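Trainee: Return a 3D structure for these sequence lines:
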Amino acid sequence: MSPTTLPAPPEQGHVTFLGAGPGDPGLLTLRAVEALANADVLVAEHDVLDVVRTHARQGVAEVHTDADTSASSTPGTGTPQLTVVDGASTTAGVPANRDAAHLVMEAARGGKRVVRAVSGDPGLDAYAAEEMLACASAGVPFEVVPGVATAVGVPAYAGVPLRDAEGTDVRFVDARTASDRCWTEVGASDGTVVVSTTLDSVAAAAGELVSAGRKPDTPLTVTVAGTTTRQRTWTATLGTIAQTLKQAKVLPSPEGGRPVIAVVGERSAAAQRDRLAWFESKPLFGWKVLVPRTKEQAASLSDQLRSYGAVPHEVPTIAVEPPRTPQQMERAVKGLVTGRYEWIAFTSVNAVKAVREKFEEYGLDARAFAGIKVAAVGEQTANALIDFGVRPDLVPSGEQSARGLVEDWPPYDPVFDPIDRVFLPRADIATETLVAGLIELGWEVDDVTAYRTVRASPPPAETREAIKGGGFDAVLFTSSSTVRNLGGIAGKPHNVTVIACIGPATAKTAEEHGLRVDVMAPEPSVHKLAEALADFGARRRLAALEAGDPVTRPSERRPGARRRRSTT
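Mentor: Reported below is the predicted structural model:
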C-alpha cells in the first residue's frame, strides 16, 4: 500500500508594521528601507505612500486609503477603507475596497510579504494597533519597525526642543480624540504639551487648555506640513493664536483642516525659535528650482539642492541619440584594442556612456583601456569613468572645460610617446577648442561623433505654465544649449524667476534670450553653481530679516513686480 501524499501546507506570509516618520523621506530607518525593498504588497495611506514608495521594489502592489471614506473617518474609531491603485497589484491577489486589516491578513495568508506603512510610529497609530491584534488573533506572523513619531519629529524640525536642562514634563495629546478628563489633566500641569490637531481646530484646542487652567499668555508654536519643504511655523500664545492665524490669512479648509503639531509651554523654547529654527532657515527653503537636465545627470545636483531646503524639478532639455553613421565610432573602439591610441579624452558623461555601450556590444570591459592614458573633463565625467572601472590619468587642475584640459595636456614627445594619436569621442555639436589645442601640441586627433544631442520633448503642460507663469523660484542653466532648448520646448522663464548660470558663456546666451542673470558660479561646476544659488538665497533671506520684512520665495512676489538687477 503506497503511502498517502499529503498536500503541502500553504506558504505563510509575513507582515511588517512600519513607521514612515512625519513626512521627510530621509527620516526612514535603515530597517524600514530593507523591509520596503523586500515587500510584495505595500499598504498605506496616500501621503505615506509618497514617502515610502521610492524604496519599494519594482512591481510591488500598492494599496492606499480611499479618499471618500478616509475624509469622514475619525482616527481610532476603525480601520480605513483602502483601494488598489497600482496596476501590478491585480496579479498580487489583493482585493480592492476592503478594510486594511483584512487586506493585510489575506495577502499574508497568500504567502505575501506585506508592509503596512503608517505615518509617524506604529506604536502611536490606532489603526496599526487594531491590525496587529487582528494578525495575532489569526496567527499571522508580524514584526514592528519603529519610526520617528510625528509629535517628536515635527517640533525638532521646527526648532522647538521639548525638554530643557531641568527635565520639563512632556505630555502628548491628540485633540481629535481627547476627553474632558485629558484636557483637565494637561491643563493642571505646568509642563510642555504637544498637541496633535488640525489647522482649523488649533484655536479651539488652545481654548480647551485655557479653560482647563493654562494662562492665556502661555507661548505656543503651531507647525503645519512638518519635516517637509512645505513646513510653516507660527509663534503665538494660547490667547493670540486665533488672531495670528487670521493675520496670516490661514483660511478654513473644506477637508477639515491640515494636520498640525502645536507645542505649548513656558519652557518649550517657543521664545527661542528664531535662533533654533534650523530647517526653515535653510538658504533655499521651499524654493522650487528648475534643473534642465535628466534625472540621471541631475541626481547629485538635486541632492545638493535638497540639502539647502530646495525642491528640485528636473526637466530634460536634450535627448541623446546614437550617431547617424556608427561605423566611425566602431572603428575607433576597435582601434583602442589594437593599440592605435596613446590617449582617449572624455569631455562628458554621455561620451563615457557611448564608449561603454560599444564596449558591452563587443563583449569588452575596462581592461581594454590597459596601456592607454585617459583624460576627463569635470568631476561627473571622472566619476562616470570610475564607475566603469577606469581612473582618469588627467583631469584639468583649473577650469573644468576643453580649454582647461588643453592647458594641462602634455605636448607630444616622440621620445616618450610611442604613439601620437588621441581618440576624442564627443557630441555632434561640440566645439573645436579641444581638437585645435591638441593639434597645436603636436597630437593627431581622431575626432569621432559618439552621440547626437537633439532637443527633448516638451515637458507636461503644467510644467510649461509654471515656467512661464512664475511658478519656479529659480532655474539653473548649466550650458548655453540648456538656455536655448528650454526656451524652445517650454518657453521663457518668468521675470520673477532667479536665473543662475554656470559661466560667462551661458550667462551671455541667457541675456541674448532676454533673461536677466542673477547668479553666476565662481567656476564652471554644477556644484559651485548650486552653492552660488544658496549664497544668493541666504543673502536675500538676511536682507528681508534686517528690513523687518517677511521671508518670501521669489515666486511669492506680487504679480508684475520688477526684479532688481543683481550684482552677484
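Trainee: Apart from its neighbours in sequence, what residue is nearest residue 508?
Mentor: Nearest residue to residue 508, sequence neighbours excluded (Cβ to Cβ, 6 or more residues apart in numbering): residue 480, at 7.8 Å. Every residue, glycine included, has its C-beta placed from N, CA and C.
Trainee: oh sorry, the question was meant for residue 123
Mentor: residue 146 (6.8 Å).
Trainee: Equivalent analysis for residue 419, please.
Mentor: residue 342 (4.0 Å).
Trainee: Return the per-residue confidence for that neighbour.
Mentor: Looking at residue 342, its pLDDT stands at 91.
Trainee: how many neighbours does the residue nearest to residue 317 when sequence neighbours are not counted have?
Mentor: Excluding its sequence neighbours, the residue lying closest to residue 317 (Cβ to Cβ, 6+ apart) is residue 485, at 3.7 Å. Neighbour count for residue 485, taken as other Cβ atoms under 10 Å: 21.
Trainee: measure residue 485 to residue 513 for me?
Mentor: Separation of residue 485 from residue 513 (Cβ to Cβ, to the nearest Å): 11 Å.
Trainee: Residue 30 now?
Mentor: Separation of residue 30 from residue 513 (Cβ to Cβ) stands at 46 Å.
Trainee: same check, this time on residue 23
Mentor: Taking Cβ to Cβ, one finds residue 23 at 38 Å from residue 513.
Trainee: Looking at these two, which one has more neighbours?
Mentor: Of the pair residue 23 and residue 513, residue 23 is the one with more neighbours under other Cβ under 10 Å, namely 25 against 16.
Trainee: if I read this right, that one contacts residue 225, doesn't it?
Mentor: Yes - counting by Cβ atoms under 8 Å, residue 23 touches residue 225, with 7.0 Å between them.
Trainee: For the stretch 251-400 of the chain, just list every one of the helices.
Mentor: 273-276, 295-307, 327-338, 349-361, 379-388 (DSSP state H, counting those that start in this stretch).
Trainee: Test for you: state the pLDDT assigned to the residue nearest to residue 508.
Mentor: Looking at residue 480, its pLDDT is 86.
Trainee: correct me, but it touches residue 503?
Mentor: No - Residue 480 is not in contact with residue 503 according to Cβ under 8 Å; the separation is 9.3 Å.
Trainee: Burial check on residue 47, number of neighbours?
Mentor: Using other Cβ under 10 Å, residue 47 is surrounded by 14 other residues.
Trainee: Not counting its neighbours along the chain, what's nearest it?
Mentor: Spatial nearest neighbour of residue 47, chain neighbours left out: residue 119 (7.2 Å); criterion: Cβ to Cβ, 6+ apart.
Trainee: Could you verify my assumption that the one you found touches residue 50?
Mentor: No - the criterion here is Cβ under 8 Å, and residue 119 misses it with residue 50 at 10.9 Å.
Trainee: what's the angle from the helix or strand hosting residue 545 to helix 379-388?
Mentor: Taking DSSP states H and E as the definition, residue 545 sits inside helix 526-546. Inter-element angle recorded for helix 526-546 and helix 379-388: 130 degrees (by axes from the mean of the first three to the mean of the last three Cα atoms, to 10 degrees).
Trainee: ok now helix 526-546, how far from the chain's centre?
Mentor: 20 Å (Cα atoms, centre = their mean, to the nearest Å).
Trainee: In it, which residues are buried?
Mentor: The neighbour-count check on helix 526-546 (16 or more other Cβ atoms under 10 Å) flags 526, 528-534, 536-537, 540-541 as buried.
Trainee: Endpoints of stretch 440-447, how far apart?
Mentor: 15 Å (Cα to Cα, to the nearest Å).
Trainee: Just the buried residues of it, please?
Mentor: 443, 445-447.
Trainee: List just the nearest of those residues to residue 125.
Mentor: The closest of the buried residues of stretch 440-447 to residue 125 turns out to be residue 447 (Cβ to Cβ; 62.4 Å).
Trainee: Now the closest one: phi and psi?
Mentor: phi -90, psi 100 (degrees, to the nearest 10).
Trainee: how close does it sit to residue 328?
Mentor: 10 Å.
Trainee: With residue 195 instead?
Mentor: When residue 195 is compared with residue 328 (using Cβ to Cβ), they lie 70 Å apart.
Trainee: now the helix or strand where residue 143 lies: mean pLDDT?
Mentor: Secondary structure assigned from DSSP H and E places residue 143 in strand 142-145. What strand 142-145 shows for mean pLDDT is 96.
Trainee: Repeat that for stretch 241-259.
Mentor: 79.
Trainee: End to end on it, go ahead and measure it.
Mentor: 16 Å.
Trainee: picking up where we left off before, between residue 119 and residue 50, which one's more packed in?
Mentor: Per other Cβ under 10 Å, whichever of residue 119 and residue 50 has more neighbours is residue 119, with 23 against 15.
Trainee: on that earlier part again, pull the contacting residues for the residue nearest to residue 419.
Mentor: 372-373, 417-422 (Cβ atoms under 8 Å, 6 or more residues apart in numbering).
Trainee: One more: residue 230?
Mentor: 224, 286.
Trainee: wait, is it part of a helix?
Mentor: No - counting by DSSP: H, G, I helix; E, B strand; the rest coil, residue 230 is not found in a helix; it is coil.
Trainee: now it: how far from residue 219?
Mentor: Distance from residue 230 to residue 219, by Cβ to Cβ: 24 Å.
Trainee: Low-confidence ranges, the stretch 51-200 of the chain, go.
Mentor: 64-99, 167 (pLDDT under 70).
Trainee: of the buried residues of stretch 440-447, closest to residue 555?
Mentor: Distances from residue 555 to those, taken by Cβ to Cβ, are shortest for residue 447, at 43.8 Å.
Trainee: In this structure that closest one contacts residue 424, no?
Mentor: Yes - between residue 447 and residue 424 there is a contact under Cβ under 8 Å: 5.2 Å.
Trainee: For residue 105, state which of the buried residues of helix 526-546 is nearest.
Mentor: residue 530 (47.5 Å).
Trainee: Burial check on the spatially closest residue to that closest one that is not a sequence neighbour, number of neighbours?
Mentor: Spatial nearest neighbour of residue 530, chain neighbours left out: residue 304 (4.8 Å); criterion: Cβ to Cβ, 6+ apart. Residue 304: 19 surrounding residues under other Cβ under 10 Å.
Trainee: what pLDDT does residue 304 get?
Mentor: The predicted local confidence for residue 304 is 93.
Trainee: re the thing from before, please name whichever of the helices of the stretch 251-400 of the chain is nearest to residue 452.
Mentor: It's helix 349-361; of those, that one is closest to residue 452 (Cβ to Cβ) at 9.9 Å.
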